[in-house]
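Enquirer: Need a 3D model of the following:
(one chain, ligands or ions: 2)
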Amino acid sequence: MSNFVDRVRITAKAGNGGNGSASFHREKYVQNGGPDGGDGGRGGDVLLYADENMHTLLDFRFRSKYTAENGGDGMSGLRSGKRGEDLTVKVPVGTVVRDAETGRIMADMDRAGETRVLLRGGRGGWGNRHFATPVRQAPNFAKPGTKTEIRTLQLELKTIADIGLVGYPNVGKSSILSVVTSARPKVGNYHFTTLTPNLGIVRRYGQDIVLADIPGLIEGAAEGAGLGHDFLRHVERTRLLMHVVDASGSEGRDPAEDLESINTELENYGDLGQKPQIIVCNKMDLPGAEENLKRIRALAEGMGTPVFPVSAAAHQGFDELLDAAAKMLEDLPPVLHYQEEEEPLPERGKEDEFRVVFDGATYFVEGAGMERLLESVNFDDLDSLNWFHRTLRRWGVIDALREAGAGEGATVSIGGMEFDFVE
Ligand SMILES: Nc1nc2c(ncn2[C@@H]2O[C@H](COP(=O)(O)OP(=O)(O)OP(=O)(O)O)[C@@H](O)[C@H]2O)c(=O)[nH]1
Ligand SMILES: [Mg+2]
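Expert: Numbers count the residues shown, from 1 in each chain. Ligands and ions are numbered 1, 2, ... in the order given. Model (predicted):
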């Protein structure tokens, strides 16, 4: 079928922070040079760029893994590690990015040319020079850089337009787009001529109005029957719908029935039924259209929806239609922007908050800062372990464990690692 892809999953990872260096200054004739290990470099970020020249997510079918560069390790002579290079992922305008595991909205790339940081690189670890104190002149440890996680992301392209053209296949949606804008979508006398959304711009009273022509909808589309379902997401981000019917009933269907069944489809897909509509009765040049128009007018009156008769073939009725649309748009809210949702991170400054839970055998120390603390410890290094122990004492963890009943040698679990309790 078509190469139109509007929903994909990818994985992305920001760069790890580089490790700090535990180096000592060495020079001829100079004994016991001080610690001179540089800091690790920051890992590269993963950025998003809304590219006007991209129209589908097809590229992501061929490449689905995106990794920014890791930061370099710190070096002797106080030299810092290299900053990892950022990685920019180009997406079409209108792409909404979610965390695939939680559904959290991470970015809505709805403005052409905008760049945004999606995933931040890890911090570089401190070199040992930071740990030189008057009593500890030769610290043999440095901090490792922060490691970043691989994230699974869902990308979804939701076309952005002021007006969406909806209706059964073959009613003349693409014909209308080509009459009122300079867009030249394919027009054909068969169903599903249009397989990917087409955009066109019409200028009215100094404002540019963007129209989206989407593939035809069929009954059951909202439940996933046929092609229609996937395409409804492209009218979610429109402000007004032009509901097109074939007023002549040239294919043997009743346009009044068409109107109702498409409206049912829209109601079943999110709150598309709530979107303001204009009913466009097309093919008024054909016999039988006038009769049907009367019936549709009667129906529409009950719904409070305006009706406009047009003929794309004869280029008739469009001035009135577009004037009415432009007036309606003046009072309608702007296109929906998906608000990014904050990642539920532990609050800043509360790193040392924790609690001790005893399950009868093990004392668990739980708290947001614990895992991060563990990440900074090099367990092969005595200095590093001592620093870890001192931090636990400073944060009050040792006291809390003692209060909870932990005695010498009790099993303590912190961030999934088990230790023997030593006072
Ligand atoms: N007589 C007449 N024919 C029309 C009119 N508008 C469109 N048509 C014809 O109807 C057929 C379908 O037109 P399209 O514009 O491709 O219809 P569509 O709604 O975009 O169809 P899909 O993309 O398949 O959903 C074509 O053969 C057009 O030439 C009209 O006003 N009068
Ligand atoms: Mg079409």
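Enquirer: The closest residue to ligand 2 within the stretch 301-423 of the chain - nearest residue in space that isn't next to it in sequence?
Expert: Relative to ligand 2, the nearest point of the stretch 301-423 of the chain is A312 (11.0 Å; Cβ to the ion). In this view, the C-beta of every residue, glycine as well, is placed from N, C-alpha and C. Nearest residue to A312, sequence neighbours excluded (Cβ to Cβ, 6 or more residues apart in numbering): S175, at 3.7 Å.
Enquirer: okay, now the residue of the stretch 301-423 of the chain closest to ligand 2: neighbour count?
Expert: 25 (other Cβ atoms under 10 Å).
Enquirer: Same check on G15?
Expert: 29.
Enquirer: Name the residues of the least confident helix or strand in the chain by mean pLDDT that are buried.
Expert: Ranked by mean pLDDT, DSSP states H and E, the weakest helix or strand in the chain is strand 417-420, scoring a mean of 74. Neighbour counts using 16 or more other Cβ atoms under 10 Å place F419 of strand 417-420 among the buried residues.
Enquirer: Which strands or helices does that strand pack on?
Expert: Applying 3 or more Cβ pairs under 8 Å, 6 or more residues apart in numbering; DSSP states H and E, one finds that strand 417-420 contacts strand 411-414.
Enquirer: Apply 10 Å and report the result again.
Expert: Packing partners of strand 417-420 (3 or more Cβ pairs under 10 Å, 6 or more residues apart in numbering; DSSP states H and E): strand 362-366, helix 368-375, helix 382-394, strand 411-414.
Enquirer: can those go into CSV with extra columns for distance to I150 and mean neighbour count?
Expert: Formatted as CSV, the helices and strands packed on strand 417-420 follow (distance: least, Cβ to Cβ, whole Å; neighbours: other Cβ atoms under 10 Å):
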stretch, distance to I150, mean neighbour count
strand 362-366, 25, 18
helix 368-375, 16, 16
helix 382-394, 27, 16
strand 411-414, 24, 18
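Enquirer: and those as JSON lines, adding distance to S21 and mean pLDDT?
Expert: Below are these laid out as JSON lines (distance: least, Cβ to Cβ, whole Å; pLDDT from 0 to 100):
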{"stretch": "strand 362-366", "distance to S21": "30", "mean pLDDT": "85"}
{"stretch": "helix 368-375", "distance to S21": "17", "mean pLDDT": "76"}
{"stretch": "helix 382-394", "distance to S21": "14", "mean pLDDT": "82"}
{"stretch": "strand 411-414", "distance to S21": "26", "mean pLDDT": "82"}
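Enquirer: For A289, find the nearest of the ones you listed.
Expert: Shortest distance between A289 and the helices and strands packed on strand 417-420, using Cβ to Cβ, is found for helix 368-375: 67.0 Å.
Enquirer: ok, V412 touching V397?
Expert: Yes: if you go by Cβ atoms under 10 Å, V412 and V397 touch, sitting 8.9 Å apart.
Enquirer: okay, and the common contacts of those two?
Expert: Both V412 and V397 are contacted by V356, V365, under the criterion Cβ atoms under 10 Å, 6 or more residues apart in numbering.
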